[in-house]
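> Make a model of this:
(chains A and B)
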Number of protein chains: 2
Amino acid sequence: MKKHNFYAGPSRLSDYTLKLTAEAITDFAGTGLSVMGISHRSAEFKDVMDSSIEIVKELLRIPEGYSVLFLQGGASLQFCMAAYNLLDKNAAYVNTGIWATKALQEAKLFGDITEIASSKDKNFSYIPKGWEKEVHPETSYVHITTNNTIVGTQYKSDPDVGVPLVADMSSDLFSRPVDVSKYALIYAGAQKNIGPSGVALVIVKDDLLGKFERPIPKMLDYRTHIEKGSMYNTPPTVAVFACLKTLERYRQLGGVDALLERANIKAQMLYNEIDRNKMFEGTASVEDRSNMNITFVMSEKYKELEPIFLEFVAARNILGIKGHRSVGGFRASCYNAQREESVKVLVKAMSDFEKRYK
Amino acid sequence: MKKHNFYAGPSRLSDYTLKLTAEAITDFAGTGLSVMGISHRSAEFKDVMDSSIEIVKELLRIPEGYSVLFLQGGASLQFCMAAYNLLDKNAAYVNTGIWATKALQEAKLFGDITEIASSKDKNFSYIPKGWEKEVHPETSYVHITTNNTIVGTQYKSDPDVGVPLVADMSSDLFSRPVDVSKYALIYAGAQKNIGPSGVALVIVKDDLLGKFERPIPKMLDYRTHIEKGSMYNTPPTVAVFACLKTLERYRQLGGVDALLERANIKAQMLYNEIDRNKMFEGTASVEDRSNMNITFVMSEKYKELEPIFLEFVAARNILGIKGHRSVGGFRASCYNAQREESVKVLVKAMSDFEKRYK
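Below is the predicted model of the structure:
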């Protein structure tokens, strides 16, 4: 029976990506070899890497002067790479949750870090506003986390700051148009909206690199990977291949504008039900609600029914909606590959649960 | 028509690994979800990671006090992680080729590096001997590269040094028994003998970590990954799954003793032909010849036939035997998943070529 996969990441990939990746494991590009068993220097794999970079540039309308990289280590390694490469003396971080906190902590090894804004006072349930004007003009960069997977908040626009802007977009890149020209660095672990885990997408403005003296290990220096087109060392071939298929699919669907529309529809269906159904309530501040991770709990009166609801949805093949332990309740992740059908099944389960238990 | 895949890495994986990985991309462990689209925190994936670690320990007979990790970034990231974690003031490196040189260069960021021995004088065509007694007792560690993919040399035994021994075993781990107790740290990119690219296997002696003061970025600190069982951040799920299948296959085949026997047979067939056929000659010193990467050139008199030989074998579906540009000629990589049948086809091509062109 069909499963409804709401995992927060690694999360559902499209049937298009899965089918073509499974095929390429047996026969890649007509070579008779596996995409896992062919040299990354082969013409066939080089084409995968080059095409992936090209489609990223096209979909996100990346201006001249930026490089696109596919690297290993996930967003977690980017926490230190961002600082290694861009932090001279000090940087400012906006703290919007556990991942933002981790990025900030890691950067402390490399300079003075200012937590310029934080929503910790309300368990990170909102995106802090108005901090842009407090950015010191000599700070190396400001770091933001555009979508907060655990708490379900999301920036709705690209902030204007007078200094380089760095963003962890792991969980919402490709779900909306982004004005890349506002950013010095964008990075994203693939396993939500781009492909399988094991690869991170990095978009970096070339002329910000190498501006100060710090010896950087070769593998952690963006310039190494720019110079070698993400092939300084062996890239994760099967993961990059699956990213390419996902990116191709995004192009077929009409690009990021179309993806935003689809995301809005799915998220709105769930938020409508959360707001209508008195057994549930949303946990994120309404204006900052994420399109990608819809977080909710049972309202006070029904709190003890949470485990029952989890069983109730499991019987309908709904998987992965248990909330992160720091928030509790539920989280329905609706990345680009989430099907509208699955969202409808979940909404129906919520209203059926109301009929049964209210 | 069947291809004979001699790529140096990413290289051939067994049909067992490929078949089961392709299946898991569609339906992983009966979940109805893809191994690329399920949470790494799911019981099913946790079992993949735990089993992989367990089989590594079993196959290599790893003693107590060591941790086994599956990390991203390949061996190239280990070049700096090894130094970050283990290099206090100075370390010694044995330079046996391009990869050893890269490891050594990276370590220079972290302390004083002594190149204790080198075979650069003869284009790295041999393994230096007798350097063990020159190791200073206070050096943090000695670093070796047990198999040199490009030049086709291999250590035949585990050196005895009086200090911690660190080894890059990217291209020969699991091809022979290793006395792990002699090592402080063993690391290997998976894409030769363990699985697809995108994951590195690390075996580290726990009590050598944290012995001196150096702030280490979280993701580069072995202790982070030990504490979290290689799940500090999202692991490369499909790559680890494919490693597990390869490791299971090694167990089925009889473990590293059986794998050594198989490797000896395949390598010997090729070296016999190289030594018999006057059109070819081996490039590595005979006593240091690698079982994994068999390097050879056309002998002086037939040098100009090299491109012709490449075409000749290509017509027989033999792929990936062009040698690295620094050595020239040919390289037949015969990792564990290489089929005896393919080696026979190559040997036959060499003798047929002799009949035709000598």
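> Residues of the stretch 201-350 of chain A that sit close to chain B?
A:215, A:217-220, A:232-239, A:242, A:317, A:319-320, A:337 (C-beta under 8 Å from any C-beta of the partner chain). Glycine gets a C-beta too; all of them are placed from N, C-alpha and C.
> Just the closest residue of the stretch 201-350 of chain A to chain B, please.
A:Pro236 (2.7 Å; C-beta to the nearest C-beta).
> Go ahead and confirm that residue touches A:Gly74.
No: with contact defined as C-beta atoms under 8 Å, A:Pro236 does not count as touching A:Gly74 (10.9 Å).
> Looking at the two, which one has more neighbours?
Taking neighbours as other C-beta atoms under 10 Å in any protein chain shown, A:Pro236 and A:Gly74 compare with A:Pro236 leading, 34 against 25.
> and the more buried one, what does it touch?
A:Phe70, A:Gln72, A:Gly198, A:Val199, B:Gln72, B:Pro196, B:Ser197, B:Gly198, B:Val199, B:Pro236, B:Ala239 (C-beta atoms under 8 Å, 6 or more residues apart in numbering or on different chains).
> List the ones among those residues that fall in helices.
B:Ala239 (DSSP state H).
> and A:Glu306, what element?
Element membership for A:Glu306, per DSSP states H and E: helix A:306-314.
> Skip ahead from that helix and say which helix or strand is next.
strand A:318-319.
> So which elements touch that next one?
In terms of contacts (3 or more C-beta pairs under 8 Å, 6 or more residues apart in numbering or on different chains; DSSP states H and E), strand A:318-319 is packed against strand A:4-5, helix A:340-357.
> just to revisit the earlier point, now tell me what touches the helix holding A:Glu306 from outside.
Taking C-beta under 8 Å, 6+ apart as the rule, helix A:306-314 contacts A:297-298, A:321-322, A:328-330, A:346, A:349, A:352-353, A:356-357.
> Report the separation between the residue of the stretch 201-350 of chain A closest to chain B and B:Pro235.
12 Å (C-beta to C-beta, to the nearest Å).
> do the same with A:Lys218
23 Å.
> again with A:Gly37
21 Å.
> where in chain A is pLDDT low?
Applying pLDDT under 70 to chain A flags no residue at all.
> Mind jotting down where the strands sit in it?
A:4-5, A:66-71, A:90-95, A:112-118, A:142-145, A:147-148, A:153-154, A:165-168, A:185-189, A:200-205, A:280-282, A:293-298, A:318-319, A:330-333 (DSSP state E).
> Who are the packing partners of the first one?
Applying 3+ C-beta pairs under 8 Å, 6+ apart, we find strand A:4-5 packed against strand A:318-319, helix A:340-357.
> hey, which of the ones you listed is tucked in deepest?
Most buried of the helices and strands packed on strand A:4-5, by mean neighbour count (mean count of other C-beta atoms under 10 Å in any protein chain shown): strand A:318-319, with a mean of 20.
> Neighbouring strands of that one in the sheet, and parallel or not?
strand A:4-5 (parallel) (DSSP bridges).
> Now do the strand it pairs with: everything it contacts.
A:11-12, A:316-320, A:338-339, A:341-342, A:345-346, B:33, B:37-38.
> between the strands of chain A, which one is nearest to B:Asp158?
strand A:66-71 (33.2 Å; C-beta to C-beta).
> Pairing partners for the closest one, with directions?
strand A:200-205 (antiparallel).
> Touching the strand it pairs with from outside, list them.
A:56, A:60, A:62, A:65-75, A:77-78, A:81, A:85, A:164, A:173, A:180, A:183-190, A:194, A:222, A:225-226, A:243.
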